[in-house]
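> A predicted structure for the sequence below; I have some questions about it.
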Amino acid sequence: MYLNCHSYYSLRYGTFSEVTLLELAVANHVKYIALTDINNTSACLNFLRKAEEFHMHAVVGIDFRNGVDQQFVGLAKNNEGFQELNTFLSDYLHQGERTFERAPDFLNAFVVYPFEKVLEWELTELKPYEYIGISVKDLKKLPFSKYIKYQDKLVFQQPVSFRTKKDFNAHRLLRAIANNTLLSKLSVAEQGSPDDVMYPMDNVYALFREYPFILENTALLLKQCKVSFDFSKEKQSQNQHTYTGSREKDQELLETLCLEQLGYRYPDDSHAASKRMQKELALIHQMDFVAYFLINYDIVSYAKKQGYFHVGRGSGANSIVAYLLGITDVDPLELDLYFERFMNLFRSTPPDFDIDFSWRDRNDVTRYIFERYNHVALMGTYVTFKYKGVVRELGKVFGLPKEDIDRLSRGDFTLASLDQWSKLVLQYGRLIEGMPNYISVHASGILISEKPLSYFSATFLPPKGYPTVQFDMHIAEDVGLHKYDILGQRGLAKIKEALAIIRYNKGKELDVEIHEVQRFKKDEKINTMLSHGQCMGCFYVESPAMRMLISKLKVDTYLGLVAASSIIRPGVAQSGMMREYILRHHDPERIKQAHPVLLSIMPDTYGVMVYQEDVIKVAHHFAGLSLGEADVLRRGMSGKYRSREEFKAVEQKFIENCRHKGYKDALTFEVWKQIESFAGYAFAKGHSASYAVESYQSLYLRAYYPLEYMVAVLNNGGGFYRPEIYLYEAEMLGGVIHLPCVNKSAIETVIDGKAIYLGFMFLKDFEARCAQRLLKERVHNGEFLSLEDFMDRITISIEQLSILIRIGAFSFTGIDKYELLWKAHFTLGHLQRFDTQYPLFKLQQRSHNVPVLQTTSLEMTFDQLELLGFTLERPFELLLEIPESSLSAADMPRYLNRKIDIYGYLVTTKYARTSNQKEMFFATFIDSNGLVFDVVLFPVIAQKYKFKGIGVYRIYGKVVSEFGYLSIEVIKMRKETYVQDPRFV
């Protein structure tokens with residue numbers, strides 16, 4: 001019996017998992033065991049779940065400590081007691097600087113004070129639920145203490161943190177990491193005792209033979225503790241049960257909302273839609289997911305009222321009810337979305353809605369959810385120690401030089417070449433790697449519970465400012481808590497801002513409503529642009545890989561884009577099925593090679609598994625698994641579930657069923673390989689369809705309002721490429737790009753007709769408060785007439801003013817910037833001016849004889865490079881040597897299957913490995929005319945020629961075509977030298 005055990009969720013302290021603790025208990029013949037992590041409840045639910053398998057009487061509680069100084073251990077008598085402990089810990093974690101003292105009055109929890117603490121505090125009166133903990137080492141002091149008389153209050157409290165000396169060594173390293181100190185300087189007070197181990201129960205009985213009442217008290221106390229949660233497949237959802245307060249009213253409201261929108265969504269023929277709707281409503285009601293749908297509807301409705309854009313995706317996009325409610329904009333009838341992927345009677349979890357909002361709007365939606373509902377918390381997640389992080393942390397702990405740490409981190413070493421300290425880093429790194437390092441916030445998950453979240457976990461308060469549970473989504477699902485996914489993305493912000501820019505630049509609204517995607521799908525201009533891969537800046541379709549795939553497939557329809565959106569995912573590509581899909585797309589004869597059953601299941605994708613639901617289809621129809629088993633298989637492809645017993649059982653049944661059906665093992669294992677390789681990375685079809693809707697919206701804006709859209713892209717963090725690439729694209733589309741100007745620019749980029757003025761946000765080291773002050777003055781008192789006028793009206797330091805002058809923000813004066821810099825220094829150079837200081841009188845402008853100075857265009861270009869990180873001039877103008885070839889990407893068709901000598905400015909690179917693990921690279925360049933082209937460096941060339949950062953490269957290679965898409969297979973490559981910076985020559 002042990003009532004004070006730690007797992008590695010006692011962060012940067014404990015050394016093994018909660019499951020290992022149970023295994024340790026069995027090995028030592030322990031019947032009662034309590035998990036009490038330090039100020040943490042992350043492992044409690046899984047500990048209780050797994051304890052059933054070990055037939056162990058499991059107790060949960062919390063080890064309350066100030067740092068590593070143990071104050072007391074709280075043990076939950078029942079679920080209410082667990083909630084009390086969680087609430088108390090949450091209050092402590094939320095307030096930050098508080099320290100624990102004596103335990104509060106718990107109604108349903110026991111408190112055990114360590115013997116040393118009782119001596120220190122000289123406790124004499126103990127409440128009925130309070131006890132004194134005696135460890136093995138305390139036995140020496142107990143007989144000489146007055147507390148030997150407190151026989152009914154003494155219990156066995158042997159902390160368990162380690163199994164072996166190796167664990168203790170790992171613990172010391174974790175403590176050194178936590179304290180950011182060298183191991184040699186780690187204080188003993190910051191460590192546990194090496195004696196904090198689990199003794200076999202026979203040894204415990206022997207050690208306490210003179211004090212049997214202590215063990216009897218302990219057993220009696222632990223027997224009274226029983227916390228239980230339902231982890232069965234039939235468990236009730238712990239999400240908020242109703243939306244209106246009544247299940248009956250919820251059902252009526254859901255049906256009413258759907259019927260109201262049926263005619264809007266299906267104006268021509270609603271018969272098929274009505275039939276599908278009724279089928280879904282019946283199942284949603286039967287599975288008790290009505291409130292889940294209504295809460296998602298409520299969140300989306302709030303966003304719409306605020307004018308926020310959203311995209312609903314995930315498996316819920318397969319639902320016509322979600323489509324009618326406006327949670328998604330994907331028509332499941334149009335796409336023949338697989339109903340069973342959305343929901344089936346064997347699926348215990350609700351359909352998954354991933355609701356994307358603009359990154360600018362997401363925080364307000366989150367605030368609304370926390371204010372609207374009673375029991376809300378963000379989902380937690382664990383950041384674990386990864387190899388590079390472990391090496392860097394342990395390198396510092398052992399005092400290794402930075403060069404050695406960098407070498408170990410890169411893996412650039414042989415074991416024989418390492419000294420003993422470096423070898424220790426690797427040896428103990430293997431022990432620590434994979435352990436939780438700290439708890440963070442899930443990227444999107446929000447829990448809305450029927451009960452207070454403290455019923456399940458303590459919560460902490462991250463910088464976001466919202467309570468966050470201490471467990472992750474897998475444990476949440478185990479106990480019946482299903483998250484609502486609220487995400488932020490920049491694509492929606494681009495669309496929303498582009499509409500506002502069109503209004504002020506064009507002086508009009510759009511000719512069509514941005515959500516009328518059905519019109520966009522039929523737009524010839526959009527589809528032609530799409531098929532040619534002209535998608536720079538457009539959501540999800542702008543990356544080189546996506547642009548290449550679209551061009552190879554000649555995608556010119558919405559349905560084609562839906563397929564491409566999923567084919568591009570890593571799993572499909574890595575399994576080889578992406579290439580097979582392309583081959584079958586271009587060659588109808590090749591489709592016949594598909595297995596007849598697979599082709600009949602997936603005729604639209606030529607018998608190739610492309611979407612997540614294809615796993616369910618193949619498992620159900622090809623291998624004969626039930627829908628429930630098929631869904632376990634799909635879910636099992638991701639991370640944690642793969643190792644679970646239920647997944648292993650389904651995998652074995654898949655193989656057995658295929659053999660029973662008479663399939664050859666070669667076919668069975670090939671199909672299994674395809675499932676295994678991509679299911680965890682593929683999209684549900686509805687998910688891809690949702691992405692494609694947003695892609696079409698951004699494609700429409702790029703096709704008809706290209707400059708306004710590019711400005712919106714720039715103002716929202718760009719996308720796949722660097723800002724300068726979008727500026728080059730805007731220039732190719734007819735824009736005239738201007739440097740920041742004190743009279744025209746804003747913090748973000750603005751457009752006036754075709755003139756695009758870069759925002760102050762792109763200026764390195766230029767302070768936002770200076771920009772805000774400038775804009776405020778300009779709005780209130782008009783444009784600046786001269787540098788002198790600017791200095792009179794704006795409080796600014798000479799350093800900040802110099803940035804504006806050097807970038808050309810005063811070019812409207814017609815005065816050379818060197819002359820302006822002289823004037824600025826004469827006027828401000830001797831002054832110390834601070835934000836809160838405003839001049840009472842105008843600065844005295846004295847006239848000076850300024851020498852005649854002339855800034856060269858080359859000097860201006862290098863100023864841009866320094867202040868912006870890029871130049872508005874084509875980088876080819878900076879080459880030291882004049883290019884020997886004038887060929888461009890437009891010449892590539894003439895050079896098909898021939899060698900070409902071409903210069904390109906590097907846009908992006910992508911590292912890859914061949915099947916035999918040799919490295920290769922793909923890269924995208926812009927030529928001197930602004931046209932984009934792609935190259936590939938196969939392993940032999942990749943070994944010989946390396947990318948050396950952004951710049952102009954001379955490329956010699958062979959132009960090749962794959963499915964009509966041209967690229968260059970590099971033979972030679974060299975980064976060209978820029979001229980010297982004239983400012984420092």
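Arrived safely, thanks for sending. What you see is a predicted model, and the numbers here were worked out from it, not measured in a lab.
> Relative to the helix or strand hosting Thr924, what are the paired strands and their orientations?
Element membership of Thr924, judged by DSSP states H and E, is strand 919-926. Paired with strand 919-926 in the same sheet, following DSSP bridges, are strand 899-913 (antiparallel), strand 932-937 (antiparallel).
> So which bits of it are buried?
Buried residues in strand 919-926, counting neighbours by 16 or more other C-beta atoms under 10 Å, are found at Met920, Phe921, Phe922, Ala923, Thr924, Phe925, Ile926. C-betas here are computed from N, CA, C, even on glycine.
> My guess is the first one contacts Ala912. True?
Yes. With contact defined as C-beta atoms under 8 Å, Met920 counts as touching Ala912 (5.4 Å).
> for the stretch 801-950 of the chain, what are the low-confidence residue spans?
829-853 (pLDDT under 70).
> one more time with 80
829-853, 915 (pLDDT under 80).
> All the helices of it, residue numbers only.
817-828, 857-868, 939-944 (DSSP state H, counting those that start in this stretch).
> Tell me which of the ones you listed sits nearest to Glu767.
Taking C-beta to C-beta, helix 857-868 is the member of the helices of the stretch 801-950 of the chain nearest to Glu767, at 13.4 Å.
> Does anything pack onto the closest one? Which helices or strands?
If you count contacts as 3 or more C-beta pairs under 8 Å, 6 or more residues apart in numbering; DSSP states H and E, helix 857-868 packs onto helix 798-807.
> gap between the helix it packs on and the chain center?
38 Å (C-alpha atoms, centre = their mean, to the nearest Å).
> Packing partners of it?
Helix 798-807 is packed against helix 787-793, helix 817-828, helix 857-868, with contacts defined by 3+ C-beta pairs under 8 Å, 6+ apart.
> Now do the buried residues in that helix.
For helix 798-807, by 16+ other C-beta under 10 Å, it's Ile798, Gln800, Leu801, Ser802, Ile803, Leu804, Ile805, Arg806, Ile807.
> list the contacts for the residue nearest to Pro194 when sequence neighbours are not counted?
The shortest distance from Pro194 to any non-neighbouring residue, by C-beta to C-beta, 6 or more residues apart in numbering, is to Phe168 (4.8 Å). Going by C-beta atoms under 8 Å, 6 or more residues apart in numbering, Phe168 touches Thr15, Phe162, Gly192, Pro194.
> cool, Arg659 as well?
Asp665, Thr668.
> and what of Phe47?
Ser7, Glu18, Leu21, Leu22, Leu35, Ala58, Val60.
> Turn these into CSV, including neighbour count.
Below are the contacts of Phe47 laid out as CSV (neighbours: other C-beta atoms under 10 Å):
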residue, neighbour count
Ser7, 30
Glu18, 26
Leu21, 28
Leu22, 23
Leu35, 29
Ala58, 25
Val60, 25
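> Return the subset of the residues you listed lying in strands.
Using DSSP state E, the subset of the contacts of Phe47 located in strands is Leu35, Ala58, Val60.
> Just the buried residues of stretch 811-818, please?
Ser811, Thr813, Lys817, Tyr818.
> Can you give me the distance of the last one to Thr855?
The one in question is Tyr818. For Tyr818, the distance to Thr855 equals 6 Å [C-beta to C-beta, to the nearest Å].
> on that earlier part again, among the helices of the stretch 801-950 of the chain, show me which one is buried the most.
Sort the helices of the stretch 801-950 of the chain by mean neighbour count, taking mean count of other C-beta atoms under 10 Å, and helix 817-828 sits at the top with a mean of 19.
> Which strands and helices lie in contact with that helix?
Counting by 3+ C-beta pairs under 8 Å, 6+ apart, helix 817-828 packs on helix 787-793, helix 798-807.
> Contacts for the longest one next, please.
The contact list for helix 798-807, computed with C-beta under 8 Å, 6+ apart, reads 739-740, 742, 763, 765-767, 770, 787, 790-791, 810, 817, 820-821, 824-825, 828-829, 831, 863-864, 867-868.
> Put the alpha carbons of the strand holding Thr924 into PDB.
Presented in PDB, the C-alpha positions along strand 919-926 are these (Å, rounded to 0.1, in the frame of the first residue of the first chain):
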ATOM      1  CA  GLU A 919      18.600  13.200 -49.500                       C
ATOM      2  CA  MET A 920      17.400  15.200 -52.500                       C
ATOM      3  CA  PHE A 921      15.900  18.700 -52.900                       C
ATOM      4  CA  PHE A 922      13.100  20.400 -54.800                       C
ATOM      5  CA  ALA A 923      13.300  24.200 -55.300                       C
ATOM      6  CA  THR A 924      11.300  27.100 -56.700                       C
ATOM      7  CA  PHE A 925      12.900  30.100 -58.400                       C
ATOM      8  CA  ILE A 926      11.800  33.300 -60.100                       C
END
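> how far is the helix or strand containing Ala303 from where the chain is centred?
Per DSSP H and E: Ala303 is located in helix 290-305. Relative to the chain's own centre, helix 290-305 is displaced by 24 Å; criterion: C-alpha atoms, centre = their mean.
> Now do the buried residues in it.
Val290, Ala291, Tyr292, Phe293, Leu294, Ile295, Asn296, Tyr297, Asp298, Ile299, Val300, Ala303.
> Then stretch 774-786?
Buried, per 16+ other C-beta under 10 Å, within stretch 774-786: Leu774, Glu777, Arg778, Phe784.
> hmm, who's touching that stretch?
For stretch 774-786, the external contacting residues (C-beta under 8 Å, 6+ apart) are Val742, Asn743, Ala746, Ile747, Phe760, Phe790, Arg793, Ile794, Thr813.
> quick one on the thing from earlier: between the buried residues of stretch 811-818, which is closest to Phe156?
Distances from Phe156 to the buried residues of stretch 811-818, taken by C-beta to C-beta, are shortest for Lys817, at 79.8 Å.
> circling back: between the contacts of stretch 774-786, which is nearest Val608?
Val608 has its nearest neighbour among the contacts of stretch 774-786 in Ile747, at 48.0 Å by C-beta to C-beta.
> Could you give the number of residues near that closest one?
17 (other C-beta atoms under 10 Å).
> Three-state assignment for it, please.
State at Ile747, reduced to three classes by DSSP: H, G, I helix; E, B strand; the rest coil: coil.
> what sits against it?
Counted by C-beta under 8 Å, 6+ apart, Ile747 has contacts Gly759, Phe760, Met761, Ala768, Ala771, Gln772, Leu775.
> neighbours around the fifth one, how many?
Okay, so that is Ala771. Ala771 has 22 nearby residues by other C-beta under 10 Å.
> Please apply the same query to the fourth one.
Taking other C-beta under 10 Å as the criterion, the count of residues near Ala768 is 10.
> and it, how far is that from Pro544?
From Ala768 to Pro544 the distance is 33 Å (C-beta to C-beta).
> Off-centre distance for stretch 673-692?
That offset, for stretch 673-692, works out to 18 Å (C-alpha atoms, centre = their mean).
> List every C-alpha atom in it, with coordinates, as PDB.
Only the C-alpha atoms of stretch 673-692 are listed here, as PDB (Å, rounded to 0.1, in the frame of the first residue of the first chain):
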ATOM      1  CA  LYS A 673       0.200  -1.100 -46.400                       C
ATOM      2  CA  GLN A 674      -1.800   1.600 -48.200                       C
ATOM      3  CA  ILE A 675      -4.200   2.000 -45.300                       C
ATOM      4  CA  GLU A 676      -1.300   2.000 -42.800                       C
ATOM      5  CA  SER A 677       0.800   4.500 -44.700                       C
ATOM      6  CA  PHE A 678      -1.700   7.300 -45.100                       C
ATOM      7  CA  ALA A 679      -4.900   7.100 -43.100                       C
ATOM      8  CA  GLY A 680      -3.500   9.200 -40.200                       C
ATOM      9  CA  TYR A 681      -2.500  11.900 -42.600                       C
ATOM     10  CA  ALA A 682      -5.400  11.900 -45.100                       C
ATOM     11  CA  PHE A 683      -8.300  14.300 -45.100                       C
ATOM     12  CA  ALA A 684     -12.000  13.300 -44.800                       C
ATOM     13  CA  LYS A 685     -13.600  14.100 -48.100                       C
ATOM     14  CA  GLY A 686     -15.800  16.700 -46.400                       C
ATOM     15  CA  HIS A 687     -12.700  18.300 -44.900                       C
ATOM     16  CA  SER A 688     -11.000  18.500 -48.400                       C
ATOM     17  CA  ALA A 689     -14.300  19.900 -49.800                       C
ATOM     18  CA  SER A 690     -14.300  22.600 -47.100                       C
ATOM     19  CA  TYR A 691     -10.800  23.600 -48.000                       C
ATOM     20  CA  ALA A 692     -11.700  23.700 -51.600                       C
END
